[in-house]
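[1] sequence unknown, structure follows:
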């Protein structure tokens, strides 16, 4: 991830990643409050799959939630887009 590579040399890159981690933590904490806790935090997509340091930063800031598992799931976005497109085309009147 290019931003991570630039983090040590550029304040702006570091700030961007810290703010991203903060926003993700805030969202997870809000969901945990609404759900009454968290069993597993699942990371997916580009950052979720490929940015281990960012994932670790996010999780470290959630220690107050107690113990929970983490998982990384590989997305198959192109397959999902194809399925959605096929479904929509099947619904379209001919």
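    Yes, it's here. Because the structure is a prediction, the values reported are computed rather than measured.
[2] quick one: the helices in this structure?
    If DSSP state H is used as the criterion, the helices of the chain fall at 2-6, 11-35, 45-50, 52-60, 77-91.
[3] which of those sits most buried?
    Across the helices of the chain, averaging neighbours per residue (mean count of other C-beta atoms under 10 Å) puts helix 52-60 on top, at a mean of 16. Where C-beta positions appear, they are placed from N, C-alpha and C, glycine not excepted.
[4] and the angle for that helix with helix 11-35?
    40 degrees (axes from the mean of the first three to the mean of the last three C-alpha atoms, to 10 degrees).
[5] thinking again about what came up before, got a markdown table for the helices of the chain, with mean pLDDT and distance to residue 69 too?
    Output for the helices of the chain, formatted as a markdown table (pLDDT from 0 to 100; distance: least, C-beta to C-beta, whole Å):
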| stretch | mean pLDDT | distance to residue 69 |
| --- | --- | --- |
| helix 2-6 | 85 | 24 |
| helix 11-35 | 96 | 13 |
| helix 45-50 | 89 | 15 |
| helix 52-60 | 96 | 10 |
| helix 77-91 | 91 | 24 |
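[6] Which stretch among those approaches residue 70 most closely?
    Among the helices of the chain, the nearest to residue 70 by C-beta to C-beta is helix 52-60 (6.0 Å).
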